[in-house]
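Trainee: Sequence first, then the predicted structure:
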Amino acid sequence: MRRSLLSLAVVGLTLVSAPGFAGSPTPYVSPFNFTMPVLTHGPFFISEVCPVTPQGYGDIGTNPSSISDNRCFMGTQQGAQNVSVTPGVFCLGPTVNFRLDVNAFTTCRPGYGSPYVQSVRLVKTIPGSQKVPFCYPPAQYFQFGPSGIRTWWALKFTQPGTTFTLEVTTRCLLNANKRIPEIHIDRWIWQVNVDTGTLGMVVDMLHSSALSTMEFPCIADERVYQQLRDLASALHASDTLETGVQRITDIQNVIFAIEGFVLTECVYGDFVAPSFSRGTAGFDAPPGNLPSGTRWAPPQFMGSLAADSTIQGGILDTTENPCCCKLIADVEFLFNVLTGNLGTTQIGT
């Protein structure tokens, strides 16, 4: 995969643990040799995709325009629901005049009260991918102050393992004597996650939204979509129904199959985009469902894969919609989590 050829530059903060006062197991260590007590909240796990229960306009009590339900059409009838997921959102609230209400994130340890915010910042940390580093290089972003912190983050293409950390420097007063202050950091941590139960929903999400005004999704081939769904189901079954050596073997086999399938079906829109104009072979019109024996991507965009007539290029990856990158990053995360949790002792038993 062309995106995996770049070298990595590791960017991050080093947090040093040291003993703290009661209720503060993780003090902040500054470069000036003093510690700030830290009260940690979380991590709370959030998802890049969430299930939804589709509704029709009639379900909400009014449908003056007679809009049809969100279902597949079968002549005059409608069949199963065609959309059941939505991209996840990381939301910080409540807000006051479009500013983060930082007071909602302050706490005081027992015996103290009257919290007062001295400063606040949000840190977004992207761990970086070893397999698709062009899409997901390791990075860290900072936002400061209630008016400078974004409270709404769409997670559709967020790399799993990414964390949002809200750090609120809080002053509390001893209840018995209001003149005695104590300062600590309320550190709130949220981590974007994917598991074998949500991977299939990620596939559904990438199959549900249009790339552009051409109205087809990045998973443009229905055969590819169904095979990705089947592979996600097989991974979930291996994770939940099997144990021991068989479990880790099957998990590895399915993940390798997913990675290989995505790579062979991926077409990079960065290169293909100029050929979407009318009159260019292979892109005279939006693609159909690409039945067996047909090809979406012209051979010049498939490189060495063009010799294999079964490869159709059914997933389109663009800068704005890095669908191949997203799928690879998700299974990379799952591989590290699932095989790491098993440990080496089980493999030899």
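Mentor: Here it is on my side, so go on. These numbers were taken from a predicted model, which means no experiment stands behind them.
Trainee: So what's the residue count around the closest residue to residue 314 other than its chain neighbours?
Mentor: The shortest distance from residue 314 to any non-neighbouring residue, by C-beta to C-beta, 6 or more residues apart in numbering, is to residue 221 (2.7 Å). Every C-beta, even on glycine, is put in place using the N, C-alpha and C of the backbone. Residues within reach of residue 221, counting by other C-beta atoms under 10 Å, total 24.
Trainee: Going by neighbour count, list what's buried in stretch 143-162.
Mentor: 146, 149, 151, 153, 155-162 (16 or more other C-beta atoms under 10 Å).
Trainee: Could you dump the residues you listed into TSV and include pLDDT?
Mentor: Converted to TSV, these look like this (pLDDT from 0 to 100):
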residue	pLDDT
146	90
149	94
151	93
153	96
155	96
156	95
157	95
158	96
159	96
160	96
161	95
162	97
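Trainee: From residue 108, how far off is residue 69?
Mentor: Distance, residue 69 to residue 108, by C-beta to C-beta, to the nearest Å: 51 Å.
Trainee: again with residue 251
Mentor: Look at residue 251 and residue 108: by C-beta to C-beta, they are 45 Å apart.
Trainee: With residue 133 instead?
Mentor: Where residue 108 is concerned, residue 133 sits at a distance of 43 Å (C-beta to C-beta).
Trainee: the more surrounded of those two?
Mentor: Between residue 133 and residue 108, counting by other C-beta under 10 Å, residue 108 is the more crowded of the two (21 against 18).
Trainee: Correct me if wrong: that one contacts residue 172.
Mentor: Yes: contact criterion C-beta atoms under 8 Å: residue 108 and residue 172 qualify, at 3.8 Å.
Trainee: anything in contact with each of the two?
Mentor: 114-115, 182 (C-beta atoms under 8 Å, 6 or more residues apart in numbering).
Trainee: among those, who's most crowded?
Mentor: residue 115 (18 neighbours).
Trainee: The nearest residue to that one once chain neighbours are set aside: what's it in contact with?
Mentor: With sequence-adjacent residues excluded and distances taken as C-beta to C-beta, 6+ apart, residue 115 is closest to residue 106, at 3.9 Å. Contact partners of residue 106, counting by C-beta under 8 Å, 6+ apart, are 115-117, 168, 170, 186.
Trainee: let's go with 6 Å and repeat that
Mentor: Neighbour list for residue 106: 115, 168, 170, 186 [criterion: C-beta atoms under 6 Å, 6 or more residues apart in numbering].
Trainee: Kindly report the same for residue 123.
Mentor: 142, 165.
Trainee: And the pLDDT for it?
Mentor: Reading off the confidence values, residue 123 has pLDDT 97.
Trainee: can you check the one 5 residues further on too?
Mentor: On the pLDDT scale, residue 128 is placed at 95.
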